[in-house]
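Asker: based on what follows, work out the 3D shape:
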Amino acid sequence: MKYCNKCHISIKTNHNYCPLCHQTLEVTKDEEVVEKYPPYQGKLRPVKDITRKILMFISVTSIILLLVINFFTGLDILWSLIPIGSILYFWILMTVGIFSKHNIAFKLFILTITLIFFIYMIDELSSSEGWALNYVAPLLLGSCIIAISFIILIKRINYRDYITYLLLIVLFSIAPIVLILFDVITVLWPSLGLFVLAVFILLFIIFFFPKSIKDEIKKRFHA
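Answerer: Residues are numbered from 1 along each chain as shown. Next comes the predicted model:
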């Protein structure tokens, strides 16, 4: 049996956090609890094997056809990589963004990084002026940071999950700065603006969110 000091209720559970307020529970009686849950009913329709096989057949056939056409029309410009990248991004979007059971922070991270890589590939193949990393990448990362921040503010989640979101914000803010140091990014203001935005949001979360979040951060990093 465990007790929540905030809700003033006793809970028969093996979990360490209150299901109502997410505060840390105190152990009042050390005992093993057998918890039974109803079977999960998914909201998404299961994809039939035949449908998946048809989509896979169309995708593989299209990739082979694009490579053959690109080979016979000349390999000076590998234009086929752009539609092939679109096909691969479709499968990543379906696998990670829709069918994956990972938390939304993981999905945002994977899809954003994949999209940046795809746009960078288009930038390189089109022999442009580096617009992908200089402008589009900071914009996408900034949008992802703002989305993560709104999720933290609005969505009721366990405080332990905040750590993942905070680490993603830190990672997003550092990445463009590293590319600037290696002269990969030549236009500074979009990346510097992204860094300032990420630091501001990170400090806001640390200073203004409940004390239990700070305690969880300290516990994670053994502070």
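
Asker: what's the distance between the most far-flung residue of the chain relative to its centre and Thr28?
Answerer: Most distant from the centre of the chain: Phe72, at 39.5 Å, with distances by Cα atoms, centre = their mean. As judged by Cβ to Cβ, to the nearest Å, Phe72 and Thr28 stand 76 Å apart. Any C-beta I mention is one placed from the backbone N, CA and C, and that applies to glycine too.

Asker: might one say that Leu197 is in contact with Ser143?
Answerer: No. Checked against Cβ atoms under 8 Å, the pair Leu197 and Ser143 is beyond contact range at 10.4 Å.

Asker: who's more crowded, those two?
Answerer: Neighbours were counted for Leu197 and for Ser143 using other Cβ atoms under 10 Å; Leu197 has more, 19 against 13.

Asker: for that one, which three-state class applies?
Answerer: helix (DSSP: H, G, I helix; E, B strand; the rest coil).

Asker: need the per-residue pLDDT for it.
Answerer: Looking at Leu197, its pLDDT reads 87.

Asker: for it, give me its contacts.
Answerer: Leu197 sits next to 142, 145-146, 173 when contact means Cβ atoms under 8 Å, 6 or more residues apart in numbering.

Asker: can you tell me which two in those residues are farthest apart?
Answerer: Spatial extent of those (Cβ to Cβ) is set by the pair Ile146 and Ser173 at 12.5 Å.

Asker: I'd like to know how many residues surround Ala105.
Answerer: Ala105, neighbours per other Cβ under 10 Å, totals 23.

Asker: torsion angles phi and psi at it?
Answerer: When read as degrees, to the nearest 10, the backbone of Ala105 gives phi -60, psi -40.

Asker: so how far is Lys6 from it?
Answerer: 26 Å.

Asker: how about Phe109?
Answerer: Taken as Cβ to Cβ, the span from Phe109 to Lys6 is 32 Å.

Asker: the two: which is more packed in?
Answerer: Higher neighbour count among Phe109 and Lys6: Phe109, with 21 against 13, using other Cβ under 10 Å.

Asker: for that one, what is the enclosing helix or strand?
Answerer: helix 104-125 (DSSP states H and E).

Asker: what mean pLDDT does that helix have?
Answerer: For helix 104-125, mean pLDDT is 82.

Asker: mind giving me the packing neighbours of it?
Answerer: Counting contacts by 3 or more Cβ pairs under 8 Å, 6 or more residues apart in numbering; DSSP states H and E, helix 104-125 packs against helix 81-92, helix 137-154, helix 161-181.
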